[in-house]
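> Okay, here's the prediction I keep looking at, along with the sequence it came from:
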Amino acid sequence: MPFQYSNELLGLPEIQLQKIISMDTQNVHLEASPVTYQQACPICGTEQDVKRDGRNKPRKIRHLSIFGRRSYLYVPSLHLACTRCRISFVWTDDFVGPKQRYSLAFRAQTVEQALGSTTAHSASMQEAPVSTVQRMHQDALPAKTNV
Ligand SMILES: [Zn+2]
């Protein structure tokens with residue numbers, strides 16, 4: 001599968017596919033990494049003195065289905081350091097909240113489905129735990145009612 005094409009399938013411009021780790025009839029596991037090399041320091045707001053400073057175990061993020069399969073993205077958990085401010089910080093991924101295991105797009109799709117059906121139905125459509133779908137739904141409710 002050409003990578004450019006798969007990048008469009010992901011719909012996430014801030015990351016690029018590195019490789020397909022594995023794929024079977026139900027799941028596809030993909031390794032991806034950020035498109036940019038650094039992020040701005042949260043204190044001084046510049047990238048000038050920011051360096052990469054190691055990484056932790058990759059994060060595993062459930063994303064939207066690709067080719068009718070559940071997709072899981074493995075993205076590096078990068079550490080950065082600003083030499084000017086002498087601080088370290090962790091890479092912020094735009095497509096998934098901190099410490100979350102489901103992408104924002106996946107959460108939005110799940111909530112969308114839950115609004116038009118029962119939580120249990122949505123959970124079975126997405127093959128995610130009912131409690132997780134309920135939590136996503138509750139998190140999304142204030143935003144929905146304010147519109
Ligand atoms: Zn700084």
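Received it, and whenever you're ready, just let me know what you need.
> shaky segments in this protein?
When the per-residue scores of the chain are filtered using pLDDT under 70, the ranges that remain are 1-6, 142-147.
> Can you check which strand is longest in it?
The strand spanning the most residues in the chain, taking DSSP state E as the definition, is strand 50-66.
> Name the strands paired with whichever helix or strand comes after that strand and say parallel or antiparallel.
Taking DSSP states H and E as the definition, the helix or strand that follows strand 50-66 towards the C-terminus is strand 69-82. Neighbouring strands of strand 69-82 in its sheet, by DSSP bridges, are strand 27-34 (parallel), strand 50-66 (antiparallel), strand 87-90 (antiparallel).
> So what touches the first one?
To tie it back to what came earlier, the one meant is strand 27-34. With contacts defined as CB atoms under 8 Å, 6 or more residues apart in numbering, strand 27-34 is touched by 6, 10, 12, 14-23, 58, 66-67, 69-76, 78, 91, 93. From N, CA and C alone the C-beta is placed, and that goes for glycine too.
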